[in-house]
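Visitor: Turn this into a structure:
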Amino acid sequence: MTASVNTTDAGVRPAARAKARRRGVGATLWRALRGSGKALTGAIMLVIFLVAAIFPNLFTHVTNPGARAYGLSLPPSASHLLGTTSYGQDIWAQLVWGTRQTLFVAVIAGALASVLSVLIGVAAAYLGGVADDILSLLIDVFLVIPAFPLIIVIAAYANGGNLAIIVAVLVVTGWSYGARQLRAQALSLRRRDFLESARVRGEGWFYIVVCEILPTMVSLIAANFLGAALYAVLTAAGLQFIGLGSPSSVSWGTMLHWAQSAEALQTDQAWWVVAPGLCIAALGAAFALLNYAFDEISNPALRPVHRNRRNRGGN
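Guide: Sure, this is the predicted structure:
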């Protein structure tokens with residue numbers, strides 16, 4: 001009777017540990033967000049952009065931001081908060097609706113690049129041997145390739161106006177740096193006691209990777225996603241600015257493209273340029289500020305520093 005209870009406990013204990021580890025990561029992240037003013041500011045900024053992307057009608061009554069339905073080059077007013085373009089489009093409406101495509105590119109490209117980084121980086125570390133050598137060589141090749149010129153060439157020859165092509169190019173050129181970091185972290189975990197005990201219990205490689213290795217790397221994976229998303233925002237905006245985006249789409253990058261084409265700064269339409277530029281900078285800052293929270297999680301040495309600063313402030 002006692003033996004059966006022990007066997008059951010032995011089967012349940014690994015799953016319970018994995019569940020407790022996931023809860024611990026969530027609680028640690030929340031504490032890091034609350035304890036870091038920079039990270040909390042970044043989270044609030046990102047939430048505002050998300051709300052604007054999902055519910056643009058909360059911020060503007062215009063349902064077709066590309067419609068040329070207003071006077072040309074009107075100054076800012078109550079009806080048009082940032083004025084209108086030289087084509088008769090409402091700049092504020094384009095700014096709000098452009099948030100959706102910009103965030104879509106950031107999230108999708110960042111997520112896919114992170115998945116590719118995890119697959120290649122962790123596989124290289126866990127498999128070792130020849131597989132590690134081949135995958136490490138692949139990572140190094142992509143690291144040394146000049147990314148932006150390659151992106152321009154691929155986007156130009158692969159019909160860059162297609163949003164799917166832009167996302168694919170961003171993923172292909174944006175995964176290698178994260179893969180290198182994740183490989184190094186996974187290598188440091190290969191001979192840890194909790195992995196050895198999982199192997200002794202007879203757990204398969206899939207369970208070990210998914211339930212034992214990846215939960216310990218959540219903060220690094222999240223930081224990798226934020227970095228890839230920031231890279232996607234800036235690079236996609238750059239591609240659209242130089243004319244490799246879809247001219248009929250509404251995004252912050254295409255707004256800058258049409259503003260430059262219409263010589264907005266020379267014709268006293270500064271908001272047509274300044275507004276999308278500020279939004280790109282603010283979204284990039286939101287991703288960067290959120291990284292402070294994940295830095296605190298992945299680097300425990302930072303946590304006592306924050307506490308000591310608070311204690312000094314209290315004294």
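Visitor: How about the contacts made by Gln240?
Guide: Residues near Gln240 by CB atoms under 8 Å, 6 or more residues apart in numbering: 251, 253-254, 256-257. (C-beta placed from N, C-alpha, C; glycine too.)
Visitor: With Leu214 instead?
Guide: Listed by CB under 8 Å, 6+ apart, the contact partners of Leu214 are 118, 122, 221.
Visitor: helix, strand or coil for it?
Guide: Here Leu214 is recorded as helix under DSSP: H, G, I helix; E, B strand; the rest coil.
Visitor: From Ala262, how far off is it?
Guide: For Leu214, the distance to Ala262 equals 49 Å [CB to CB, to the nearest Å].
Visitor: now swap in Val274 and tell me
Guide: For Val274 relative to Ala262 (CB to CB), the value is 14 Å.
Visitor: ok, now Ser249?
Guide: Separation of Ser249 from Ala262 (CB to CB) stands at 17 Å.
Visitor: before we move on, what about Leu195?
Guide: For Leu195 relative to Ala262 (CB to CB), the value is 59 Å.
Visitor: need the contact list for the closest residue to Ser73 other than its chain neighbours.
Guide: Nearest non-adjacent residue to Ser73, counting by CB to CB, 6 or more residues apart in numbering: Ser86, 5.0 Å away. Residues counted as contacts of Ser86 (CB under 8 Å, 6+ apart) are 72-73, 262, 264, 267, 269.
Visitor: any chance of the residues you listed in TSV, plus pLDDT and distance to Ala113?
Guide: TSV is the format used below for the contacts of Ser86 (pLDDT from 0 to 100; distance: CB to CB, whole Å):
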residue	pLDDT	distance to Ala113
Leu72	89	41
Ser73	87	40
Ala262	87	34
Ala264	87	33
Thr267	83	39
Gln269	88	35
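Visitor: So among those residues, which ones count as buried?
Guide: With burial judged by 16 or more other CB atoms under 10 Å, the buried subset of the contacts of Ser86 is 73, 262, 264, 269.
Visitor: Tell me if I'm right that the last one and Ala259 touch.
Guide: Think Gln269. Yes. With contact defined as CB atoms under 8 Å, Gln269 reaches Ala259; the gap is 7.1 Å.
Visitor: Which neighbours do those two have in common?
Guide: Shared contacts of Gln269 and Ala259, defined by CB under 8 Å, 6+ apart, comprise Thr85.
Visitor: quick one: low-confidence ranges for the stretch 101-250 of the chain?
Guide: 158-161 (pLDDT under 70).
Visitor: need the helices for it, in chain order.
Guide: Ranges of helices in the stretch 101-250 of the chain, per DSSP state H, counting those that start in this stretch, are 129-144, 147-157, 163-174, 176-189, 193-200, 205-207, 218-241.
Visitor: Assumed Pro65 was part of a helix.
Guide: No. Counting by three-state DSSP, Pro65 is not part of a helix but coil.
Visitor: ok, now how distant is it from Leu256?
Guide: Remark: distance between Pro65 and Leu256 (CB to CB) = 15 Å.
Visitor: Trp271: which element?
Guide: If you go by DSSP states H and E, Trp271 is part of helix 270-298.
Visitor: now the angle from that helix to helix 176-189?
Guide: In terms of direction (axes from the mean of the first three to the mean of the last three CA atoms, to 10 degrees), helix 270-298 departs from helix 176-189 by 10 degrees.
Visitor: what distance separates helix 270-298 from the centre of its chain?
Guide: Helix 270-298 sits 11 Å away from the centroid of its parent chain (CA atoms, centre = their mean, to the nearest Å).
Visitor: So for Pro65 and Leu256, which residue has more residues nearby?
Guide: Neighbour count, other CB atoms under 10 Å: between Pro65 and Leu256, Leu256 has more, with 23 against 19.
Visitor: ok now do the nearest residue in space to the more buried one that is not next to it in sequence, which residues does it touch?
Guide: Excluding the flanking residues, the one nearest Leu256 by CB to CB, 6+ apart is Phe241, at 4.7 Å. For Phe241, the contact set (CB under 8 Å, 6+ apart) comprises 253, 256-257, 260.
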